[in-house]
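1. 3D, please:
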Amino acid sequence: MRHGDDPVRHGDDPVRYGDGPVGHGDGPNGDGDGNANGDGSRGSGDSDGVRGRRERPWIGASVGRREDPRLLSGRGRFTDDLEEPGTLHAQFVRSTVAHATVASLDLSAVRRVPGVVAAFDAGDLQLADITARLGRPVTEFVPTGMPVLAREKVRYAGEPLAVVVARDPYAAEDGVEAARATYETLPPVLSEEAALAPGAPLVHEEASANTLLDVSMFATEGIDGIFDDAHCVVHVDSRTGRQNALPLETRGVLASWDDREDQLLLRTSTQVPHQVRTTAARCLGLDERAVRVVVPDMGGGFGLKCVVGREEIAVGAAALRLARPVKWIEDRKDALTASFLAREQHYDVRAAFDADGRILGLDAKIVCDMGAYSCYPFTAGIEPLMASAEMPGVYKVPAYRVRARAVTTNKAPSAPYRGVSRPQYVLAMERLFERAARELGLDAVELRRRNLITRFPYTGVNNVTYDPGSYLESLNLCESVLKEEGWYAAKEKAAAEGRHVGIGYSCFSERTGYGSAAFAQRKMEVVPGFDISEVRMDTSGALVVTTGTMSHGQSHETTMAQIAAEELGLDIARVRIHQGDTDRITYGWGTFASRSIAIGGSAVRLAARKLGGKLLTIAASVLEVPAEELELGSPGEGGEGVVVRPADGGSVTYRELADIAYLKSHLLPKGTEPGLTATASFDVFNDGTFSNAAHGVVVELHEGTGQVEILRYVCVEDCGVAVNPQVVEGQTRGGIAQGIAGALFEQVTYDEHGAPSAVSFMEYKVPTALEIPEVGIQHLETPCEFTETGAKGVGEGGTIGAPAAVLNAVNDALRPTGVELNDIPVTPETVADALETLETRPARPARPLEHTA
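-> I've put the predicted structure just below:
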């Protein structure tokens with residue numbers, strides 16, 4: 001179906017659940033294109049559900065997080081909690097300049113420091129580079145190797161030059177201070193403009209014009225004429241600040257050699273254990289089976305840990321050389337200055353509208369500052385390719401042209417961070433709609449309504465097909481909540497009193513459940529997508545489930561268990577989840593891009609379904625009835641599973657069936673293999689599934705201080721079937737907090753020499769609980785038609801919508817000043833300067849804003 005068509009929407013309105021005003025619709029989406037047997041996806045396994053009846057369904061229940069008792073009582077085991085006998089400690093000698101050739105590196109004094117065991121530079125370790133590639137011509141993409149330890153050139157302040165290994169962390173730090181490096185400094189390239197300037201110094205000699213990616217993916221024929229003839233053309237130039245993902249737990253690794261297994265063991269804090277294994281094996285010249293990666297409890301990642309870091313490879317190499325366990329824990333200074341960063345992007349965008357407010361065309365130029373290197377495996381294309389492919393978003397854009405570039409600069413390299421370009425391009429799109437509404441004299445919410453996609457499936461001008469969502473419903477509900485609570489009246493009252501209150505919105509979709517097909521469209525050399533799960537029932541009838549996803553706060557121990565328990569009729573207490581061990585998990589792509597429940601959860605359900613089929617086969621033999629007459633029943637006493645025959649009440653427990661499968665295999669039906677194990681995979685072969693949301697924000701701007709106070713925050717989200725609504729709300733609130741951080745607080749800056757300005761939390765402004773408001777969340781439910789649970793992803797949506805909604809609210813409050821802001825973060829200084837442009841204002845009353853809750 002072409003983007004110009006008016007496709008029929010399939011199914012009823014989305015289901016509404018949660019607190020708040022009356023919702024829309026009374027049922028889930030029904031049939032439609034993109035179902036499991038069409039161009040969507042199924043993994044291995046029968047597509048029909050195992051027969052069963054459930055008195056207590058687990059999917060949709062707000063089950064308490066099973067992880068919490070361990071983590072909240074201090075019994076969690078994080079990387080820094082791990083220790084082996086004889087463990088040594090590593091720290092890195094890092095470049096003190098942003099751009100230079102290395103004239104000399106002298107480690108002789110390091111090796112004389114008391115407690116120092118060894119010090120290695122690039123020449124000592126002889127490791128292969130980490131090189132991320134795209135299958136694109138050099139005119140579009142330039143691959144650049146990232147050395148594990150810098151050799152003849154350094155490209156950002158903080159780049160590792162050598163690793164120092166000592167008996168304790170303090171001696172390692174002393175050793176680092178004893179290192180002596182001399183440099184022949186080069187002019188640093190510290191901005192997009194400097195990178196692209198004619199004759200600019202080159203960060204990489206092979207990357208002319210300091211450009212790693214330059215693609216023009218879409219260019220609708222005749223788009224210039226569309227803009228020439230349009231009733232209204234609006235322009236927005238928007239820049240977003242460089243950010244640090246700041247997981248509570250910094251990066252770290254404990255590396256040791258296992259003589260018995262002839263294997264290097266890396267216990268590391270990563271979202272992608274199998275990718276770390278692959279990269280470590282290649283850099284170290286080992287067979288992949290000779291590297292095992294195990295992930296302990298992890299204190300956050302947010303995308304920062306879904307790429308492979310140089311340090312974990314170097315520490316593994318040191319452990320091999322010394323035949324001793326070696327541990328490295330990143331300190332907060334290095335985390336702020338030398339770790340992967342994200343978000344520094346520039347959008348120069350135009351939109352054409354007709355007199356009725358219908359968008360006619362979108363023209364975008366996008367430049368992303370990706371720092372010194374491509375991250376592995378996603379490359380420097382991760383941000384510009386995401387933005388250019390998905391920028392039209394929730395709107396019916398009939399014509400589109402985009403050029404997207406990734407430039408390299410002398411800053412720490414960029415990696416995915418929660419949302420990956422979507423907070424930025426949504427901000428640019430929403431600013432276009434706000435500006436167009438002013439030019440056309442229309443209400444900005446109404447202008448959005450006229451342009452939102454409302455019939456599904458919808459194939460956009462960007463060749464992306466959007467599955468059913470609740471774009472219009474979520475916006476309507478978000479607006480109605482703020483109106484019913486009295487915020488529009490409160491805003492008018494505040495204006496009459498000389499105070500500055502504004503209301504802002506954002507509408508967006510979040511593509512989730514990226515499968516192999518979607519990643520292949522980016523022409524990645526390494527193509528993520530599928531997930532594999534194994535379920536294994538023991539002789540007691542309890543279940544062990546493996547998943548290739550990797551929880552770092554998303555509650556997989558709870559939600560994956562809910563999925564397996566639902567399918568097999570078990571109590572959740574009888575299900576155990578295993579993840580993050582490359583020797584125990586067949587293969588997995590880890591957790592990023594809101595893929596875990598949509599893809600990993602689907603694999604879990606398919607594997608559980610296979611096992612359920614085997615249970616029915618064995619039970620049929622025991623009860624001497626056809627398997628078609630049996631069902632998987634509700635959990636019995638002690639949460640034990642049971643197979644029942646509804647016709648006469650006959651039953652047999654899972655424990656009894658397991659006893660036969662393992663201990664009395666001679667009683668198994670002919671052709672049935674011993675044991676109770678099933679494996680299934682799941683992948684998505686269409687464009688993925690799209691969650692969506694609308695955010696509404698009320699702010700007050702304070703004169704003098706320029707403080708932006710968020711008075712009310714409302715989010716209406718639709719992530720399909722919520723496996724655990726409590727977890728969904730937690731993910732949404734956490735994402736919104738990070739989005740607010742980007743809108744108002746956080747930014748990594750550099751001095752003129754390329755030194756990071758923020759080396760601690762004294763300089764890097766991180767919001768606290770005092771700055772983050774209580775968030776009101778409303779849920780709509782449009783089930784995905786091709787995931788096994790009906791779930792869509794939810795991990796990044798909060799972060800995506802928050803910056804645009806907050807900025808629009810600030811601009812609404814600034815409307816009397818005539819000042820419009822398009823860049824984030826919005827600083828108090830900027831707000832205070834804007835408010836000072838008002839010539840006269842009524843006296844400010846000394847009482848808080850009143851509103852009707």
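
2. first vs last residue of stretch 434-446, how far apart are they?
-> 11 Å (Cα to Cα, to the nearest Å).

3. For the longest helix seen in the chain, which helices and strands make contact with it?
-> When the chain is scanned for its longest helix (criterion: DSSP state H), the result is helix 601-623. When contacts are defined as 3 or more Cβ pairs under 8 Å, 6 or more residues apart in numbering; DSSP states H and E, helix 601-623 sits against strand 531-537, strand 543-547, helix 556-568, strand 631-632, strand 642-645, strand 650-653, helix 654-658, strand 677-682. Placement of C-beta: from N, CA and C, glycine included.

4. Only C-alpha atoms, please: export the second one in PDB.
-> Meaning strand 543-547. Listed next in PDB are the C-alpha coordinates belonging to strand 543-547 (Å, rounded to 0.1, in the frame of the first residue of the first chain):
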ATOM      1  CA  LEU A 543      10.800 -24.800  34.700                       C
ATOM      2  CA  VAL A 544      14.100 -23.200  33.700                       C
ATOM      3  CA  VAL A 545      13.900 -20.700  30.800                       C
ATOM      4  CA  THR A 546      16.800 -19.200  29.000                       C
ATOM      5  CA  THR A 547      16.600 -16.000  27.000                       C
END
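
5. related to what we said a few turns ago, show me the one of the helices and strands packed on helix 601-623 that comes nearest Leu821.
-> For the helices and strands packed on helix 601-623, proximity to Leu821 was assessed by Cβ to Cβ; helix 556-568 is nearest, at 38.9 Å.

6. quick check: angle from that closest one to strand 531-537?
-> Computed by axes from the mean of the first three to the mean of the last three Cα atoms, to 10 degrees, the angle separating helix 556-568 from strand 531-537 equals 70 degrees.

7. on contacts alone, who are the packing partners of helix 556-568?
-> Using 3+ Cβ pairs under 8 Å, 6+ apart as the contact criterion, the secondary-structure elements in contact with helix 556-568 are strand 543-547, strand 575-578, helix 601-623.

8. Can you lay out those as TSV showing mean pLDDT, distance to Glu752 and mean neighbour count?
-> Formatted as TSV, the entries for the helices and strands packed on helix 556-568 read as follows, by pLDDT from 0 to 100; distance: least, Cβ to Cβ, whole Å; neighbours: other Cβ atoms under 10 Å:
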stretch	mean pLDDT	distance to Glu752	mean neighbour count
strand 543-547	98	48	24
strand 575-578	98	50	20
helix 601-623	98	49	24
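
9. who wins for proximity to Val116 among the ones you listed?
-> Closest among the helices and strands packed on helix 556-568, using Cβ to Cβ: strand 575-578, at 38.6 Å.

10. Each with direction, which strands does the closest one pair with?
-> Partner strands for strand 575-578, per DSSP bridges, with pairing direction: strand 543-547 (parallel).

11. quick revisit: and the helices and strands packed on helix 601-623 as TSV, adding distance to Thr789?
-> Rendered in TSV, the data for the helices and strands packed on helix 601-623 read as follows (distance: least, Cβ to Cβ, whole Å):
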stretch	distance to Thr789
strand 531-537	13
strand 543-547	13
helix 556-568	6
strand 631-632	17
strand 642-645	23
strand 650-653	26
helix 654-658	22
strand 677-682	11
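
12. among these, which is nearest Gly498?
-> The minimum distance between Gly498 and the helices and strands packed on helix 601-623 falls on helix 556-568, with 49.3 Å, by Cβ to Cβ.

13. Please export the C-alpha coordinates of that closest one as PDB.
-> Included here for helix 556-568 are C-alpha records, laid out as PDB according to Å, rounded to 0.1, in the frame of the first residue of the first chain:
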ATOM      1  CA  HIS A 556      13.100  -9.800  32.800                       C
ATOM      2  CA  GLU A 557      13.200 -12.300  35.700                       C
ATOM      3  CA  THR A 558       9.600 -11.300  36.300                       C
ATOM      4  CA  THR A 559       8.100 -10.600  32.900                       C
ATOM      5  CA  MET A 560       9.700 -13.600  31.000                       C
ATOM      6  CA  ALA A 561       8.500 -15.900  33.800                       C
ATOM      7  CA  GLN A 562       5.000 -14.500  33.500                       C
ATOM      8  CA  ILE A 563       5.000 -15.400  29.800                       C
ATOM      9  CA  ALA A 564       6.200 -18.900  30.400                       C
ATOM     10  CA  ALA A 565       3.900 -19.400  33.300                       C
ATOM     11  CA  GLU A 566       0.900 -18.200  31.300                       C
ATOM     12  CA  GLU A 567       1.600 -20.600  28.400                       C
ATOM     13  CA  LEU A 568       2.100 -23.700  30.600                       C
END
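
14. gap between it and the chain center?
-> On the basis of Cα atoms, centre = their mean, to the nearest Å, helix 556-568 is displaced by 22 Å from the centre of the chain it belongs to.

15. quick one: it to helix 601-623, angle?
-> Using the same axes, to 10 degrees, helix 556-568 lies at 40 degrees relative to helix 601-623.

16. between the helices and strands packed on helix 601-623, which gets nearest to Tyr713?
-> Sorting the helices and strands packed on helix 601-623 by Cβ to Cβ, the top spot, which is the nearest, belongs to helix 556-568 at 25.0 Å.

17. buried stuff in that closest one?
-> For helix 556-568, a neighbour-count test (16 or more other Cβ atoms under 10 Å) marks 556-568 as buried.

18. Would you mind putting those into a markdown table with pLDDT alongside?
-> As requested, those are arranged in a markdown table below (pLDDT from 0 to 100):
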| residue | pLDDT |
| --- | --- |
| His556 | 97 |
| Glu557 | 97 |
| Thr558 | 98 |
| Thr559 | 98 |
| Met560 | 98 |
| Ala561 | 98 |
| Gln562 | 98 |
| Ile563 | 98 |
| Ala564 | 98 |
| Ala565 | 96 |
| Glu566 | 96 |
| Glu567 | 97 |
| Leu568 | 96 |
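
19. and which of the residues you listed is nearest to Met429?
-> Nearest to Met429 out of these is Thr559 (Cβ to Cβ; 31.4 Å).

20. any idea which helix or strand carries Val831?
-> Here Val831 is covered by helix 828-835, with elements defined by DSSP states H and E.

21. chain center to stretch 740-751, what's the gap?
-> Taking Cα atoms, centre = their mean, one finds stretch 740-751 lying 19 Å from the centre of the chain it belongs to.

22. Hmm, I typed the wrong one, I wanted stretch 750-768.
-> For stretch 750-768, the distance to the chain centre is 24 Å (Cα atoms, centre = their mean).
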